[in-house]
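In: following is a predicted model, sequence given first.
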Amino acid sequence: MRLLIIGTGWMAEQHATQFGGIEGVELIGAVDIDRARVDEFSERHGIPNRFTSLEEALAWNQFDAAANVTPDRMHHPTTLMLVAAGKPVLCEKPLAENYSRASEMADAAERKGIINMVNLTYRNVASLQKAREMVLAGVIGEIKHVEASYLQSWLVAKFWGDWRDDPKWLWRLSRSHGSNGVLGDVGIHILDFASYGAGLDIDHVFCRLKTFDKAPGNKIGEYELDANDSFTMALDFTNGALGVVHASRWATGHLNELRLRMYGDRGGIEVVHNLQGSALRVCAGGNIDSATWETLDAGSVPTNYQRFVDAIRTGVPPEPSFRHAAELQKVLDLALVAADKRTELMARADTQ
Ligand SMILES: NC(=O)c1ccc[n+]([C@@H]2O[C@H](COP(=O)([O-])OP(=O)(O)OC[C@H]3O[C@@H](n4cnc5c(N)ncnc54)[C@H](O)[C@@H]3O)[C@@H](O)[C@H]2O)c1
């Protein structure tokens with residue numbers, strides 16, 4: 001299978017390493033609008049064909065599938081071009097910046113009947129897959145309550161450098177640089193983590209967004225610091241269960257951590273995934289009365305990269321599909337509206 005990588009920045013390193021390690025996959029070409037970057041990337045990964053536009057690569061046409069690792073706003077135009085050319089695509093998340101564009105991409109891929117997949121990375125977490133399997137097998141009964149969070153601390157900690165002088169972080173804080181804040185960046189990951197893990201669809205959403213002051217005038221150089229950096233979300237799932245989902249870049253002590261807790265009428269399951277690895281715990285059956293949690297070994301699961309290749313080989317559509325990512329994008333779009341139009345209820349009663 002001859003693979004083309006479009007966009008040769010930070011995340012493309014993962015794609016090249018992962019795809020490069022799969023038997024029978026050849027990294028045949030790379031595209032980036034930045035000539036120096038595509039040359040350097042191709043040298044490092046031994047990629048023989050380089051292009052500075054997707055149009056050029058499509059005219060050449062000597063590839064079987066593509067990995068789209070361009071910035072969020074470029075996913076829509078570039079993926080539509082690949083789909084029109086009949087090429088299977090693994091597209092980075094979020095599929096697009098809004099639901100209408102994301103669903104247009106899903107429609108196009110379905111009409112063309114090509115393999116399409118979105119790189120929701122945390123599907124690679126074995127503990128999440130095992131937790132879902134257990135939920136679907138009824139181990140914790142009917143789910144009533146779901147609690148999920150995505151915690152980062154780069155606005156406080158300098159583990160990955162200082163956000164104040166690094167464009168890689170600054171653009172994520174600035175709407176005019178294409179960011180929808182922490183909601184747009186990791187919201188899709190944690191919504192997928194929660195709903196996929198619980199095996200439930202999201203019915204209703206309410207959201208609060210916050211953009212805290214973080215620099216004089218909330219501006220650093222050309223970067224207006226106006227994109228949200230914390231959110232809290234209340235969800236109803238279609239089975240009637242309640243969900244609380246939140247994310248923050250102020251979560252001191254957590255470099256990059258996803259947590260999911262699910263409680264049913266017959267047990268609870270917890271998944272924690274961070275840079276150290278992941279853990280799966282369950283409290284069910286005879287352990288319920290003593291609230292004893294058992295740690296389980298989740299084994300390992302094939303990565304999205306492997307499953308994309310397998311899907312092309314077998315012709316069986318893989319998950320998560322463009323359609324699935326578009327549906328999650330709909331929830332994110334609604335969350336923005338809910339946050340904008342919020343109605344607040346006074347909790348304190350007037351005793352006069
Ligand atoms: N799945 C994950 O966990 C995960 C993690 C990080 C980033 N991402 C996603 O990966 C994508 C890329 O992120 P990144 O951090 O690598 O960004 P990046 O800025 O490091 O790299 C993007 C590259 O795309 C190039 N580019 C821009 N427009 C292009 C076009 N029209 N054609 C070809 N190349 C073009 C840029 O020159 C740049 O080299 C984003 O959508 C991001 O959200 C996903």
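Out: Perfect, thanks for sending it. Numbering: from 1, shown residues only.

In: just the residues contacting stretch 99-106, thanks.
Out: 75-76, 79-80, 83, 91, 94-96, 116, 321-323, 325-326, 329-330, 332-333 (C-beta atoms under 8 Å, 6 or more residues apart in numbering). For the C-beta atoms, the positions are set from N, CA and C on the backbone; glycine is no exception.

In: now do 7 Å
Out: 76, 79-80, 95-96, 322-323, 325-326, 329-330, 333 (C-beta atoms under 7 Å, 6 or more residues apart in numbering).

In: any weak-confidence spans in the stretch 51-200 of the chain?
Out: Filtered on pLDDT under 70, the stretch 51-200 of the chain yields no residues whatsoever.

In: could I get the full set of strands for it?
Out: Along the stretch 51-200 of the chain, counting by DSSP state E, counting those that start in this stretch, strands occupy 65-68, 89-92, 116-119, 143-152.

In: now those strands as TSV including mean neighbour count?
Out: Below are those laid out as TSV (neighbours: other C-beta atoms under 10 Å):
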stretch	mean neighbour count
strand 65-68	26
strand 89-92	26
strand 116-119	28
strand 143-152	21
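
In: between these, which gets nearest to His177?
Out: Using C-beta to C-beta as the measure, strand 89-92 is the one of the strands of the stretch 51-200 of the chain that comes nearest His177, at 17.2 Å.

In: name every strand pairing with that closest one and say which way it goes.
Out: Neighbouring strands of strand 89-92 in its sheet, by DSSP bridges, are strand 65-68 (parallel), strand 116-119 (parallel).

In: the ones you listed: which one's closest to the ligand?
Out: strand 116-119 (4.6 Å; C-beta to the nearest ligand atom).

In: quick one: that closest one to chain centroid distance?
Out: 11 Å (C-alpha atoms, centre = their mean, to the nearest Å).

In: and the contacts of that strand?
Out: Contacts of strand 116-119 (C-beta under 7 Å, 6+ apart): 88-93, 95, 109, 304, 308, 311, 318, 320-322, 325.

In: out of those residues, which are close to the ligand?
Out: 92-93 (C-beta under 6 Å from any ligand atom).

In: tell me where this structure has helices.
Out: Applying DSSP state H to the chain gives helices spanning 12-20, 35-45, 54-60, 72-84, 99-112, 126-136, 167-170, 181-198, 304-314, 322-340.

In: can you say which of those is packed in most?
Out: helix 181-198 (a mean of 24; mean count of other C-beta atoms under 10 Å).

In: please list the residues of the stretch 51-200 of the chain that sit near the ligand.
Out: Residues of the stretch 51-200 of the chain lying near the ligand (C-beta under 6 Å from any ligand atom): 54, 69-72, 74, 78, 92-93, 119, 121.

In: rerun that using 5 Å as the cut-off
Out: Within the stretch 51-200 of the chain, the positions near the ligand by C-beta under 5 Å from any ligand atom are 69-70, 72, 74, 92, 119, 121.

In: can you name the residue of this protein nearest the ligand?
Out: Closest point on the chain to the ligand, by C-beta to the nearest ligand atom, is Gly9, at 1.9 Å.

In: number of residues surrounding that residue?
Out: Gly9 has 14 neighbouring residues, counting by other C-beta atoms under 10 Å.

In: my guess is Pro320 contacts Leu120, does it?
Out: Yes - using C-beta atoms under 7 Å, Pro320 makes contact with Leu120 at a distance of 4.9 Å.

In: identify the contacts common to the two.
Out: Asp192.

In: ok, now which ones touch Leu4?
Out: Contacts of Leu4 by C-beta under 7 Å, 6+ apart are 28-29, 31, 57, 63, 66.

In: which pair of those spans the longest distance?
Out: Checking the contacts of Leu4 with C-beta to C-beta, the most distant pair is Ile28 and Val31, at 11.4 Å.

In: the more surrounded of those two?
Out: Val31 (26 against 19).

In: can you pull the contacts of that one?
Out: 4, 6, 38, 51, 53-54, 57.

In: cutoff 6 Å now
Out: 6, 51, 54, 57 (C-beta atoms under 6 Å, 6 or more residues apart in numbering).

In: ok, the third one to Gln276 distance?
Out: In this view, Leu54 and Gln276 are 38 Å apart by C-beta to C-beta, to the nearest Å.

In: swap in the first one?
Out: With distances taken as C-beta to C-beta, Ile6 is found 32 Å from Gln276.
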